[in-house]
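Asker: sequence-free structure coming up:
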């Protein structure tokens, strides 16, 4: 009964529509998950995902090793993520307004070279890390989003 009374009033209806609008805008602004990223340097081979097959690495060198949080028992191999640096312990570490697209090629705990920090969500290649953050940083806080698309073959 109280719902009917609320909608009878135009003012109440406009108020509820305003709240709904604000909620939709807020939800739309939440782009991805938050985690941490470190970096690792060559050698990058062999990988858990592709062994010694370097052809699976993007030519841009924008790749990463998955940490335990996104490894998904190996299902993350080949997944692509959008990644951006959002903060770090040292102010000015993040490159503002810089987002990269990376491909998961390995599992961080077993990567052939040690990451600059342990236990991170993603361990970026040296190139990828340098695009979004000061390369001298050990780790940064990131926002990341799994990219899903349909793959078609010709």
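Answerer: Noted; the coordinates are in hand. All of these numbers come straight from a predicted model, not from anything done at the bench. Numbering: from 1, shown residues only.
Asker: what's around residue 138, how many residues?
Answerer: By other CB atoms under 10 Å, 14 other residues sit near residue 138. Yep, even glycine has a C-beta here, placed from its N, CA and C like the rest.
Asker: Using the three-state scheme, assign it.
Answerer: In terms of secondary structure, residue 138 is coil; the call rests on DSSP: H, G, I helix; E, B strand; the rest coil.
Asker: And residue 106, how far from residue 48?
Answerer: Distance, residue 106 to residue 48, by CB to CB, to the nearest Å: 6 Å.
Asker: Who has more neighbours out of those two?
Answerer: In this comparison of residue 106 against residue 48, neighbours counted by other CB under 10 Å, the higher total goes to residue 106 at 26 against 17.
Asker: Mind giving me the packing neighbours of whichever strand or helix holds that one?
Answerer: Taking DSSP states H and E as the criterion, residue 106 maps to strand 99-107. Secondary structure elements in contact with strand 99-107, counted by 3 or more CB pairs under 8 Å, 6 or more residues apart in numbering; DSSP states H and E, are strand 63-66, strand 80-87, strand 122-125, helix 126-132.
Asker: Nearest to residue 33, out of those?
Answerer: strand 80-87 (9.4 Å; CB to CB).
Asker: ok, the residue nearest to residue 129 when sequence neighbours are not counted - how many residues close by?
Answerer: If the residues on either side of it in the chain are set aside, residue 129 comes closest to residue 39, at 3.6 Å by CB to CB, 6 or more residues apart in numbering. In terms of burial, residue 39 registers 25 neighbours under the definition other CB under 10 Å.
Asker: Many thanks, we can stop here.
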